[in-house]
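Novice: Give the three-dimensional model of this entry:
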Amino acid sequence: MFLTKSSVRSAFDPILVRDPVYLRSPQARDYTEWAELREHSRTHLIRWEQDWAPENLTLASFRQRLRQFDRDAKRACGLSLFVFRRSDSVLVGGLTLTNIRYGAARAATIGYWIGEPYIKCGFGLAAVSALLVHVFDSLGLNRVEAACQRGNIASQRLLVSSGFHREGQAEDYLKINGKWRDHDLYAVTARRHRERNQD
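Specialist: Numbering: from 1, shown residues only. Below is the predicted model:
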């Protein structure tokens, strides 16, 4: 894994590479590919995230997302990245780092999605692994947290493979498609991440 930076590229606008993917900030030109992948993957994704109305996939909605991503990056409180297959630059998913806290906590929450045609190809694991290096080495955070539903075995395996440890369960944690869902809570710290990657 390596991080590409220039003198003008901030830690909140990175390009991260870890085969077989690279990650970068979403751009307006990504709209068509993003909308098509999200719509194609709707049945797969809404088992784990809130369903979306048709207007959520419009160009106007996408531009609004980009403005919010930009505001979060400028305030250093959030980071949103798209995941692309390195061999042909096809969009395969996305990652978010939200609820970034500084001070004594130095922590954040990670979220991710992979489009249905690209699941079980190693793209999610590579993307999360690349982001963790960036979080601990460039952003200087100490802890990354994640939550997933009990039935999401693929996500649980991805988290464990990335070095996360299960810390417990949160009752009625998120409302997914009209129902409050329990979630398992996971976390990885900078110390554990360094120790794991020294082996």
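Novice: any idea how far the closest residue to residue 105 other than its chain neighbours is from residue 85?
Specialist: Ranked by CB to CB, 6 or more residues apart in numbering and with sequence neighbours excluded, the top spatial neighbour of residue 105 is residue 143, at 7.3 Å. From N, CA and C alone the C-beta is placed, and that goes for glycine too. For residue 143, the distance to residue 85 equals 30 Å [CB to CB, to the nearest Å].
Novice: Show me what the most centrally placed residue in the chain bridges to in the sheet.
Specialist: What sits nearest the mean C-alpha location of the chain, by CA atoms, centre = their mean, is residue 95, with 2.1 Å. Residue 95 forms beta bridges with residue 81, residue 112, as assigned by DSSP bridges.
Novice: correct me, but it touches residue 127?
Specialist: Yes - with contact defined as CB atoms under 8 Å, residue 95 reaches residue 127; the gap is 5.6 Å.
Novice: quick one: the strands in this protein?
Specialist: 2-4, 15-18, 21-24, 79-85, 91-101, 107-114, 143-149, 165-176, 179-189 (DSSP state E).
Novice: Near residue 112, how many other residues are there?
Specialist: Neighbour count for residue 112, taken as other CB atoms under 10 Å: 22.
Novice: same question, residue 93
Specialist: Counted with other CB under 10 Å, residue 93 comes out at 24.
Novice: Residue 113 now?
Specialist: Number of residues near residue 113 (other CB under 10 Å) recorded here: 21.
Novice: residues in contact with it?
Specialist: Applying CB atoms under 8 Å, 6 or more residues apart in numbering to residue 113 gives the contacts 41, 45, 48-49, 93-94.
Novice: The residues you listed: which two are farthest apart?
Specialist: Farthest-apart pair in these is 48 and 94; separation 13.3 Å (CB to CB).
Novice: Which one of the two is surrounded by more residues?
Specialist: Taking other CB under 10 Å, residue 48 and residue 94 do not tie; residue 94 has more neighbours (21 against 17).
Novice: For the more buried one, give me its contacts.
Specialist: Neighbours of residue 94 in contact, by CB under 8 Å, 6+ apart: 26, 80-83, 112-113.
Novice: With pLDDT and distance to residue 196 as extra columns, can I get those in CSV?
Specialist: Formatted as CSV, the contacts of residue 94 follow (pLDDT from 0 to 100; distance: CB to CB, whole Å):
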residue, pLDDT, distance to residue 196
26, 98, 30
80, 98, 26
81, 98, 22
82, 98, 26
83, 98, 22
112, 97, 19
113, 97, 24
